[in-house]
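>>> Task: produce atomic coordinates for the following.
(2 chains)
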Amino acid sequence: MICDLCQHEFETEEGRSGCSKCGVAKGCGGVRCPNCLYEMVPQPKWMQRIMNFFGKAGESRHAHPQASGPSFFSLVSLPLNTRGEISHLNLRDEKRLRKMMALGALPGSEIQLLQKFPSYVFQLGLSQFSVDREIASAIFVKPL
Amino acid sequence: MPLIEEEKVTAKTTNKVVILGSPNVGKSVLFNHLTGRYVTVSNYPGTTVEVSRGKSRINGLEFQMIDTPGIYSFTPLSEEEAVCRRILFKEKPAVVLHLVDAKNLKRLLPLTLQLIEAHLPTVLVLNMMDEVREAGIRINVSLLERELGIPVVETVSTTGEGMDQLKQTITNSVQAPPSKDGLPKVIYDGLPQGSIETGLQRMEEFLKNDFALSDRTVGLLLMKQDEEIRSLVRDRRPETWGAIHEIVEETRRNYRTPLEYEIVLKLQSEASRIADLVFETAEKVSKRQRQKGGLREKLSRLTMNPWTGFPILFLVLYLGIYQFVGVFGAGTVVDFLEDTIFLNYINPFLVKLFSAWIPWAILRDLFVGEYGMLTLGVRYAVALILPIVTFYFAVFAVIEDSGYLPRLAMLLDRTFKKIGLSGRAVIPMVLGFGCDTMATMVTRTLPTVRERIIATILLSLTIPCSAQLGVIFGVLAGHTLALLIWAAVLIFVFLFIGFLTAQILPGEKASFYMELPPLRLPKITNVFTKTYVRVQWYFREVLPLFVIASALIWLGQLTGFFQLVTRLLSVPIRAIGLPDSTAMVFLMGFFRRDYGAAGLYDLNRLGLLNGVQLLVACIALTLFLPCVAQFLMNVKERGWKTGVGISVFTLFFSFAVAWAVNFALLRWGVTL
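As a prediction, this is how the structure comes out:
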């Protein structure tokens, strides 16, 4: 999603990373922009579906990766079979980062998402890898 | 174990050649070629979990070849990777063969750069050149040699291509060790001041070449916060540790991202630069490769898609394991060997022979009695266990070499997460169906201690080994419903115990990452060799144990101890609804589960048990104590407390489950 305040684009999951430390009861639905810390509530899925149904898909910024300018997706939200280039990684968890580095999933590498269920499968160079959602959500891709 | 301790130099050490590289690039095949020995080779990452050593004579020089488990980088992710790193740093190898899958050179080159950086005498071996050529790629080897400053050899280890040249390069490197000066190095700059590079230069003054690795590598590992290196440097240079630590901290403050990440990025960009330089027609190739994938790629997708993947899994299990191993191996072949060969010819012959030569009935019983060493011990090992294990390992070798296991791991990851494991644990679990002892060793590939403990418990408790599985299939073959209940109970226990242990054991959540090697057609020669080696290993372990167990039972019978134990055992046995005659089976099960299963096979043929009793006995025996070898392996890998704990738990738990199943079946009046 895109931050209403600073227009920084980020993954919804990333915006919820502080939730566990928050004293407020869980499930408030709020998301905090990792760039400017502005708090907002993302559009619910059912509303997006209704908008898609009435042909207002353009307003749901995630339905079409190529819709507007350069944007990136985590592997989790990247449409299947899209080819892209890894733009950056979520560096927060060092152990997870180490695994991504071991596989060679580094910024600049070309990547293609092949499968999402039951695990994420992607092509990196001439090899295929499988990772779980945890790792997939930390790899951000710019569609080519 | 200290990391960079120099090895105590013995009077005359042979030159050591370490083979290393990332998982599944063919290190073990190369080892087999160079030494003439056989270590297991498969098509999945993590086949080798132990270091193998072998002697080799090349051009009149004696070498010790060391085959290592695969590593991705200098920073180990699991136990067996840490072992590999220690070898590299401790044993002062004369040559390090860095084996890479040539078509993935760009991704694998960073490790070569790290080896060069560490001043290890490295030779880069571009393996799987056949796949590269097939894809239409050409690699400019001489340019690559110039760029890296080390020898580069092209090989196809499965066919033996390039081996002569490799051997020549190894001897050359030993006779005229390459100079360590002037090697190209990666520059870790990027900041106007206070960059990693500046930090490294400042650190050199304090490190003073005091380690088996280059100062640069030690410095980089310190920057990466490598615990093993940190404690080593702290111990060896206590007076300057403060200054060194300060440099690392200062550098860390200058960067917004982890230093390890910055270092990897620099290595990767240098690797990409070199790879782009030496790969000719690379762009065209990757397109052709994509089209060429064709059938193989389609089949691979089918195995990974849950809608088709699970039916394929059941088909593999049904045809490969049930029909081939269970019905044909444990049924037809075992019947023939048992009834026709042993009971009709060999056993009567032996009885006659011993009656003629040994006048004392007691001594005769030791060899050819009811539990005789020859008539029972050898018969069980040769006529029952041997054919089953052979059939099983053959099927298993085909599955392993096809590259199916990593795909299965990917398919089952979500389920395994529920029991505290990741898809990586699928491989040791599946191997457990061959031999749980081997599989317990493979749990080393799991990244956390928590996962290793859960996997060990599940292997000891719920996974029947091939011999047991074969016998159980043979026993339950006529009772389809019983077989289904048996499978359902085991799957339930597997998930339930896994779930419980995952709740109890502390530790971080498992995470899953795995390379999916291309599907390959298994090579017949490798399938045969692997089956032969494993069966031989298994048989060597089983035969003496069976014979000794028979002798012990004979001794027990003689002294009356045996009758006492049988009477004691009959209490729980009656509780689970079995006749007293089965006490014998469980007593045998104490020695080995498969020995017990073999006893059950005999009882079944005498028609002493009804369907429900057979099922209950099968369940109890499957969950029963791990065999002696597995128990020792549990102790070796997990320690005394866990090892003994697992055994005690399984003993009680197996009877508890059997009791519950018997109770439920009787309550509902089920007849099988």
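
>>> The residue sitting furthest away from the middle of chain B: what's it in contact with?
In chain B, counting by C-alpha atoms, centre = their mean, B:Pro359 sits farthest out from the average C-alpha position, at 50.2 Å. By C-beta atoms under 8 Å, 6 or more residues apart in numbering or on different chains, the contact list for B:Pro359 is empty. The way it works is simple: take the backbone N, C-alpha and C, and place the C-beta from them, glycine included.

>>> any idea how far B:Leu350 is from it?
B:Pro359 sits 16 Å away from B:Leu350, going by C-beta to C-beta, to the nearest Å.

>>> if I look at the residue farthest from the centre of chain B, how far off is chain A?
For B:Pro359, the distance to chain A equals 68 Å [C-beta to the nearest C-beta, to the nearest Å].

>>> hang on, that residue is in a helix, isn't it?
No - checked against DSSP: H, G, I helix; E, B strand; the rest coil, B:Pro359 lies outside a helix; its state is coil.

>>> how about it, phi and psi?
Backbone geometry at B:Pro359, expressed as degrees, to the nearest 10, gives phi -80, psi -20.

>>> again with A:Ser119
Backbone torsions for A:Ser119, taken as degrees, to the nearest 10, come to phi -130, psi 170.

>>> Run through the residues that contact it.
Counting by C-beta under 8 Å, 6+ apart, A:Ser119 makes contact with A:Ser130, A:Val131, A:Asp132, B:Met410, B:Leu411, B:Asp413, B:Arg414, B:Gly423, B:Phe512.

>>> What is the most widely separated pair among these?
Within the contacts of A:Ser119, two members stand farthest from each other by C-beta to C-beta: A:Val131 and B:Leu411, at 13.7 Å.

>>> ok, these two, which is more surrounded?
A:Val131 (27 against 23; other C-beta atoms under 10 Å in any protein chain shown).

>>> Neighbours of the closest residue to that one other than its chain neighbours, how many?
The spatially closest residue to A:Val131, leaving aside those adjacent along the chain, is B:Tyr513, at 4.8 Å (C-beta to C-beta, 6 or more residues apart in numbering or on different chains). Applying other C-beta under 10 Å, we find 26 residues neighbouring B:Tyr513.

>>> give the contact list for B:Tyr513.
Going by C-beta under 8 Å, 6+ apart, B:Tyr513 touches A:Lys99, A:Met100, A:Ala102, A:Leu103, A:Phe129, A:Ser130, A:Val131, A:Asp132, A:Ile135.

>>> Specify which member of these is nearest to A:Lys142.
Using C-beta to C-beta, A:Met100 comes nearest to A:Lys142 of these, at 16.3 Å.

>>> which residues sit in contact with that closest one?
With contact taken as C-beta under 8 Å, 6+ apart, A:Met100 is in contact with A:Leu89, A:Leu106, A:Ile135, A:Ala138, A:Ile139, B:Tyr513.

>>> which is the next helix or strand following the lowest-mean-pLDDT helix or strand in chain B?
Taking mean pLDDT, DSSP states H and E as the measure, chain B has helix B:282-292 as its least confident helix or strand, at a mean of 52. Note on helix B:282-292: by DSSP states H and E, the next helix or strand toward the C-terminus is helix B:294-304.

>>> so does that following helix get close to chain A?
Yes - Helix B:294-304 lies within reach of chain A by C-beta under 8 Å from any C-beta of the partner chain, at B:Ser300, B:Arg301, B:Met304.
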